[in-house]
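Student: Generate a structure from the sequence data that follows.
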Amino acid sequence: MNLFGATSILAFFSNCGIAAFLFIKGERRLSNALVGCATASLSIWTLATYKFSIISFENYKLAFLWWKIAYVGVIFIPILYTHFIIKFLNIEWKKFIIAIYLLGILFLFLNWFDNSRLFLGDIRFVFNNFYWHDWVKNKNFLFLLFYIIFYGVLPGISFILLIKEYRHSSGILRNQLKYLILGSVIAWAGPEFLYLFDFRIDIYSTACLANIFFALYPLIITYAIIRYRLADIKVAITRAGIFIAIYTLILGLPFAVATIFKNYLLGVFGQNWWMMPLILMAALATVGPFIYIYVERKAEDRILAEQRRYQNTLKQASLGMTRIRNLRKLLNVITHIVTKTVRISYAAIYLHSEETDEYVLAVSRDKGRMSMPKLTADNPLIKWIMLKREPLIYEEVKRQMQDSGDHSYMQLEENMRILTASVIIPSFLEDRFMGFIVLGDKLSGQIYTPDDLNVFQVLASQAALAIENAQFYEEAKEMQQQIAQAEKMATVGTMADGLSHQINNRFHALSLIAGDTIDTIKLTNTTQCTPEVREMISQVSHALDRIQANVTQGGEVVKGMLKYSRKGEEGLEAIDLNTLLDNTLEMVQFKVKVSEFDLIRNFDQGTPKIKGNMVQLEEAFFNFIDNAYDAIVERRTTLNEEGYRGRITVSAKPKDTKLEIIVEDNGMGMKDGNIKKVFTPFFTTKISARKGNGLGLYVINKIITDTHQGKISFESEYKVGTRFILELPIAT
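Tutor: Predicted structure coming up:
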């Protein structure tokens, strides 16, 4: 086998492997299929070149047959390549594509069935090694036309389209186009070298070089279309150059030694002279990988010096973030470091809100940009990130959308476009999705490399931990404030007896004064007074009546407060459910507007009595009605439903030795994320601390389960309502 044949078989296996990979492992996209078919066509050519490279001079007919087989691949390589470029760039040239395929079929017919050889003509024996096509002998016009169109016009159109797209592209697409242009240059240099032989320009080395190009080109093109997260083109070229240089040295130096110093080695070592080049090759092959790794690292350090600098800065920053306790400051630090260090146009952080189950814009860095304020949990972008748990790159999503037409990619592309996101980095803390970081384009126009994404993922993981720490610190701080407030309220409760006594004394004094004055007016003869004086005395008497009425009502309020603040240590007694509800309404009317809802008693008059503590159960039902009222008001103001009216239903029925009581409302209800926390101390869904401190349901749980040895459970559906299910012992 000659060197041309050896390189042909190398190119054949390379192309067969790439074609098989694209058809078996590649995604089912037309662009992948076109590259796979082009590579398969190139496999036909390289197999044929290998076959006629080993055919002797005497087998002219067999050599010509393999040339006809070779041109099956030669005809369709430029057609499939051009179709791929047009598809990759999403250009609508259907008629043009149909035309070149029809032209290809015509030349295929001429190649295979034209016995007069008006197309392929003749072949000649070159380099005393193999047969090659000879255009000069017959100067066939059809072949020249084929060469100009298929290996001149079509590659030219493809290059123009690629360069035109490259000039106004950016990001990953721009880097992909760099690879495609590089691969295309290598791809078309190969056949142009080989066509020199057709015109009797015989340079043997160009044939071997062309086969090496045929082995390299599909690797580069496939890498460009399969791998969206490409290495920088300068790095790729540098790596390839270093690899070729080092392994050329490893393989070439022993051959050079064998060629130049053969006679000397024969004289020294005799018939075993070949051992020295072999030992040299083995030694170089051993140290070669280490030399390659060292040189590659040094070269990349110089090329990627800026990238390595900001990556190290981000790594250092990620380690120090957990020391920042103020959440707002932490988020500003993260966006500031990212935008300034990496030099990107825009950065934003979205965090999960447990109250609304939404991902809310927490901070952004670019005041002139309009950001999407929030994303719901059922947003396709959120679902995708939670499923894949990996960075999203806009150019990848856009390319996938264009190639597959999948609706999910369309939704992702739309969301990322609205977010002005080049990259989205998810932030997970174990299985908890904390939020995500949105990054805009680099100001340098460079792409986000795989190394960049790895560093950003480390940053996002550290950020998740730091954010949780900051949130925990703020929640703990807020809880301390709530505890202090609860202690104040508890102090007020312990003072209630003394306060109520003092207030009732004042009310009693006012009542006596008003009563005495009214009696004095009644005993006074006003017949001799003028009409004006009598009218004034009447108004004063009416005002004193109003004072007495308000004093009486104020006394009832104080009585209710005193009743609610008592500790309820009298023990357990038989309690009628109707009486319990009446007493609760008597207290709760001073806090809520009972006219804004209907209280429905859905139980029989003969319902068994409860064995319980009246004061503590009044406190429990006070909280039930108070919470239900707030939920009713929230639904009325939030949903604005026509004809909506609040409703609280109390149902009861015996269940063995317990009475099952259900307190149900048609208020706003709770979201799934809050249901598990409802009995947690200091947890509240109310808007502010004025509305509640989160202790009510926690205390209720203790009253029902500890004091009364009962059970309590909770059900809620958002925008439908809430129900509490109690089981309390029946009085015997």
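
Student: How is Tyr131 assigned, secondary-structure-wise?
Tutor: The local conformation at Tyr131, judged by DSSP: H, G, I helix; E, B strand; the rest coil, is strand.

Student: For the spatially closest residue to it that is not a sequence neighbour, report the pLDDT, please.
Tutor: Of all residues not flanking Tyr131 in the chain, Ala63 sits nearest, at 3.9 Å (C-beta to C-beta, 6 or more residues apart in numbering). Quick note: C-beta positions are derived from backbone N, CA and C, even for glycine. Ala63 is assigned 91 on the pLDDT scale.

Student: neighbours around Ala63, how many?
Tutor: Ala63 is flanked by 22 other residues according to other C-beta atoms under 10 Å.

Student: correct me, but it touches Ile55?
Tutor: Yes: between Ala63 and Ile55 there is a contact at 4.6 Å, judged by C-beta atoms under 8 Å.

Student: which residues sit against stretch 154-161?
Tutor: Pro78, Ile79, Tyr81, Thr82, Ile85, Ile86, Leu89, Ile91, Ile100, Ile181, Ser184, Trp188 (C-beta atoms under 8 Å, 6 or more residues apart in numbering).

Student: Closest to Ala362 out of those residues?
Tutor: Leu89 (38.8 Å; C-beta to C-beta).

Student: what's the spacing between Thr82 and Ser345?
Tutor: To Ser345, Thr82 is 36 Å away according to C-beta to C-beta, to the nearest Å.

Student: higher neighbour count, the two?
Tutor: More neighbours surround Thr82 than the other of Thr82 and Ser345, with 24 against 15 (other C-beta under 10 Å).

Student: what's the nearest residue to the more buried one if we skip its chain neighbours?
Tutor: Closest to Thr82 by C-beta to C-beta, 6+ apart is Leu154, at 4.7 Å.

Student: Tell me the buried residues within the contacts of stretch 154-161.
Tutor: The neighbour count (16 or more other C-beta atoms under 10 Å) marks Pro78, Ile79, Tyr81, Thr82, Ile85, Ile86, Leu89, Ile100, Ile181, Ser184, Trp188 as buried among the contacts of stretch 154-161.

Student: hang on, the last one in a strand?
Tutor: Going back to what we said before, that points to Trp188. No: read with three-state DSSP, Trp188 is helix and lies in no strand.

Student: The nearest residue to it once chain neighbours are set aside: helix or strand, and which one exactly?
Tutor: The spatially closest residue to Trp188, leaving aside those adjacent along the chain, is Pro155, at 4.9 Å (C-beta to C-beta, 6+ apart). Element membership for Pro155, per DSSP states H and E: helix 154-167.

Student: quick one: the residue nearest to Thr82 and Ala33, what's the gap?
Tutor: Distance of Leu154 to Ala33, given as C-beta to C-beta: 19 Å.

Student: okay but Leu108 is in contact with Ile75, surely?
Tutor: Yes: checked against C-beta under 8 Å, the pair Leu108 and Ile75 is within contact range at 5.4 Å.

Student: separation between the residue nearest to Thr82 and Lys340?
Tutor: 48 Å.

Student: of those two, who's got more company?
Tutor: Neighbour tally, Leu154 and Lys340, criterion other C-beta under 10 Å: the higher count belongs to Leu154, 21 against 13.

Student: show me the contacts for Phe621.
Tutor: Leu580, Leu581, Thr584, Val663.

Student: make it 10 Å
Tutor: Shown in contact with Phe621 (C-beta atoms under 10 Å, 6 or more residues apart in numbering): 577, 580-581, 583-585, 587-588, 650, 661, 663, 700, 724, 726.

Student: cool, Val136 as well?
Tutor: Per C-beta under 10 Å, 6+ apart, neighbours of Val136: Gly121, Asp122, Arg124, Asp198, Phe199, Arg200, Ile201.

Student: Now with 8 Å, please.
Tutor: Asp198, Phe199, Arg200.

Student: so how far is Ala652 from Leu659?
Tutor: Taking C-beta to C-beta, one finds Leu659 at 6 Å from Ala652.

Student: actually Tyr346, sorry about that
Tutor: Distance from Tyr346 to Ala652, by C-beta to C-beta: 60 Å.

Student: Over to Leu512?
Tutor: 45 Å.

Student: Tell me where the stretch 501-650 of the chain has helices.
Tutor: Applying DSSP state H, counting those that start in this stretch to the stretch 501-650 of the chain gives helices spanning 531-565, 577-588, 614-639.

Student: Columns mean pLDDT on top of those, output as a markdown table?
Tutor: Formatted as a markdown table, the helices of the stretch 501-650 of the chain follow (pLDDT from 0 to 100):
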| stretch | mean pLDDT |
| --- | --- |
| helix 531-565 | 72 |
| helix 577-588 | 87 |
| helix 614-639 | 88 |
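
Student: Just say which of the ones you listed is most tucked in.
Tutor: Stretch with highest mean neighbour count among the helices of the stretch 501-650 of the chain: helix 614-639 (a mean of 20; mean count of other C-beta atoms under 10 Å).

Student: tell me the average confidence for the host helix or strand of Leu726?
Tutor: Take DSSP H and E as the rule and Leu726 turns out to sit in strand 721-729. Computed over strand 721-729, the mean pLDDT rounds to 92.

Student: Show me which residues of it are buried.
Tutor: Buried, per 16+ other C-beta under 10 Å, within strand 721-729: Gly721, Thr722, Arg723, Phe724, Leu726, Glu727, Leu728, Pro729.

Student: What is the nearest of those residues to Asp431?
Tutor: For the buried residues of strand 721-729, the nearest to Asp431 is Thr722 (28.2 Å; C-beta to C-beta).

Student: Count residues in the vicinity of the spatially closest residue to that closest one that is not a sequence neighbour, would you?
Tutor: In this structure, Thr722 finds its nearest non-sequential neighbour in Ser716, 4.2 Å apart by C-beta to C-beta, 6+ apart. For Ser716, the count of nearby residues is 20 (other C-beta under 10 Å).

Student: what packs against the host helix or strand of Ser716?
Tutor: Here Ser716 sits within strand 711-717, counting by DSSP H and E. Identification of packing neighbours for strand 711-717 by 3 or more C-beta pairs under 8 Å, 6 or more residues apart in numbering; DSSP states H and E yields strand 721-729.

Student: who does the helix or strand hosting Met281 touch, helix- and strand-wise?
Tutor: Element membership for Met281 (DSSP H and E) is helix 275-303. Packing partners of helix 275-303 (3+ C-beta pairs under 8 Å, 6+ apart): helix 233-260, helix 262-269.

Student: and the angle for that helix with helix 262-269?
Tutor: Relative orientation of helix 275-303 versus helix 262-269 (axes from the mean of the first three to the mean of the last three C-alpha atoms, to 10 degrees): 120 degrees.

Student: quick one: average confidence on helix 275-303?
Tutor: Mean predicted lDDT for helix 275-303 stands at 74.

Student: Give me the buried stretch members for it, please.
Tutor: For helix 275-303, by 16+ other C-beta under 10 Å, it's Met276, Pro277, Leu280, Met281, Leu284, Gly288, Tyr292, Val295, Glu296, Ala299, Glu300.

Student: Out of those, which is nearest to Asp452?
Tutor: For the buried residues of helix 275-303, the nearest to Asp452 is Glu300 (14.2 Å; C-beta to C-beta).
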